[in-house]
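Asker: sharing a model prediction with you, sequence too.
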Amino acid sequence: MKQTTGNSAAVVLTAVVKTFGRTGRSVRAVDGIDLSIGRGETVALLGRNGAGKSTTIGLLLGLDGPDSGSVRVLGRTAEQAVRAGLVGAMLQDGRPIQRVTVRELITFVASTYPQPMPVAEALSLAGVTAYANRRIDKLSGGQTQRVRFAVALAGNPELIVLDEPTAALDVEARRTFWDSMRAYARRGNTVLFSTHHLEEADENADRIVVIDRGRIVADGTGDTIRGAAGSSLVSFDLAGRPTEGLELLPGVVTVEVSGDRALLHTDDSDATVIELARLGAIRDLRVSRATLEDAFLALTAPAAAAPATDSERETV
Ligand SMILES: Nc1ncnc2c1ncn2[C@@H]1O[C@H](COP(=O)(O)OP(=O)(O)OP(=O)(O)O)[C@@H](O)[C@H]1O
């Protein structure tokens, strides 16, 4: 019997801060994150390069400690949860041992855990049974990635954490990977994965947490995120008109201007368009439903790729 870990949430991060580098030039990779993930949820951590996803994942795997704030995993410290075999992880780097078969590797990894998953089950769930007797150095990139998933499953974890698990996979390999992940989640387990693929987050997660410059800027279902930056887009030709005041139009959440074209993210496209008509500003007007990508781009600034250093912060 797998030991029970009580009713606490799977992950609770409270006011977590993590800074790298020397004082003055340090980078605040995680800048005050509060996040609670319930048991059984599948959550995507979505952000641009450098947003702080891997750092957050490292903290909840106990690979690093926060400067301040607290990290609780399945009612314990991250280190305790990992040591008890309650957490499985697939990180961006690290290749499995090469000169052994898939089955030998998973058998060995399982033997290091207190209450492992039966090896045949881990192989089947990760979809690697068909090549269980092949050596790992003879496998394709997609197959190797599934073996890494089997490694993460071997300890029979309640929570699995995947850092950009499909980064190097083609469309078909991605699809089969997510099928396996969903089968694991359907058993009532918790999954947290990071990605910068919006469709992947939308299709595979119950909930998307958008992270930008070490902070959470949106948290909810794909539809909630779409709505967070305005559920519709209204664009029109400015025809030389000034852009001041566009953000004050009814319904408007954010405004982008590109050349002579204004793009308004709005919660109420009817009200926005009526007011634009009243102002006589409806040249080449287009209205469309905002996509997740539109919302993501509006919520995360391109400068997010590089979080501000402490010295830059002081000048703001
Ligand atoms: N060990 C480290 N030393 C110094 N800076 C670091 C270290 N780890 C991360 N950083 C910095 O912290 C910020 C957040 O990095 P992190 O790897 O968490 O982002 P990410 O969202 O996972 O990005 P990616 O999608 O590119 O993997 C970046 O500016 C990065 O350069």
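Answerer: That came through, no problem.

Asker: tell me the helix or strand right after the host helix or strand of residue 121.
Answerer: Assigned by DSSP states H and E, residue 121 belongs to helix 119-125. Going down the chain from helix 119-125, the next helix or strand is helix 141-153, by DSSP H and E.

Asker: run through who's touching that next one.
Answerer: 88-90, 94-96, 102, 105-106, 109, 117, 122-123, 125-128, 131, 136, 139, 160, 162, 165-166, 168-170, 172-173, 176-177, 180-181, 184 (C-beta atoms under 8 Å, 6 or more residues apart in numbering). To be clear about C-beta, it is placed using only N, CA and C from the backbone, and glycine gets the same treatment.

Asker: quick one: which of those residues sit in strands?
Answerer: Of those, the ones assigned to strands by DSSP state E are 88, 89, 90, 160, 162.

Asker: any chance of the residues you listed in CSV, plus pLDDT and neighbour count?
Answerer: Below are these laid out as CSV (pLDDT from 0 to 100; neighbours: other C-beta atoms under 10 Å):
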residue, pLDDT, neighbour count
88, 94, 28
89, 93, 22
90, 89, 21
160, 96, 23
162, 94, 24
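
Asker: ok, of these, which one's closest to the ligand?
Answerer: Here the nearest of these to the ligand, counting by C-beta to the nearest ligand atom, is residue 162; it sits at 12.4 Å.

Asker: could I get the contacting residues of the closest one?
Answerer: Counted by C-beta under 8 Å, 6+ apart, residue 162 has contacts 89, 90, 149, 152, 181, 191, 192, 193, 194.

Asker: over to residue 233?
Answerer: Residue 233 is in contact with 263, 264, 265, 266, 286, 287, 288, 289, 290, 294, counting by C-beta under 8 Å, 6+ apart.

Asker: do the same with residue 180
Answerer: 125, 126, 127, 146, 149.

Asker: now with 10 Å?
Answerer: Neighbouring residues of residue 180 by C-beta atoms under 10 Å, 6 or more residues apart in numbering: 124, 125, 126, 127, 128, 146, 149, 150, 153.

Asker: can you tell me the element residue 201 falls in?
Answerer: Assigned by DSSP H and E, residue 201 belongs to helix 198-204.

Asker: show me what the next helix or strand after that helix is packed up against.
Answerer: Per DSSP H and E, the first helix or strand lying C-terminal to helix 198-204 is strand 207-212. Strand 207-212 sits against strand 27-37, strand 42-46, helix 53-60, strand 190-195, helix 198-204, strand 215-220, helix 222-228, helix 292-299, with contacts defined as 3 or more C-beta pairs under 10 Å, 6 or more residues apart in numbering; DSSP states H and E.

Asker: what is the orientation angle of strand 207-212 with strand 27-37?
Answerer: 160 degrees (axes from the mean of the first three to the mean of the last three C-alpha atoms, to 10 degrees).

Asker: same question for strand 207-212, mean pLDDT?
Answerer: The average pLDDT within strand 207-212 is 95.

Asker: related to what we said a few turns ago, could the helices and strands packed on strand 207-212 go into JSON lines alongside distance to residue 78 and mean pLDDT?
Answerer: Below are the helices and strands packed on strand 207-212 laid out as JSON lines (distance: least, C-beta to C-beta, whole Å; pLDDT from 0 to 100):
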{"stretch": "strand 27-37", "distance to residue 78": "13", "mean pLDDT": "95"}
{"stretch": "strand 42-46", "distance to residue 78": "16", "mean pLDDT": "96"}
{"stretch": "helix 53-60", "distance to residue 78": "5", "mean pLDDT": "94"}
{"stretch": "strand 190-195", "distance to residue 78": "12", "mean pLDDT": "95"}
{"stretch": "helix 198-204", "distance to residue 78": "23", "mean pLDDT": "90"}
{"stretch": "strand 215-220", "distance to residue 78": "19", "mean pLDDT": "94"}
{"stretch": "helix 222-228", "distance to residue 78": "27", "mean pLDDT": "84"}
{"stretch": "helix 292-299", "distance to residue 78": "28", "mean pLDDT": "84"}
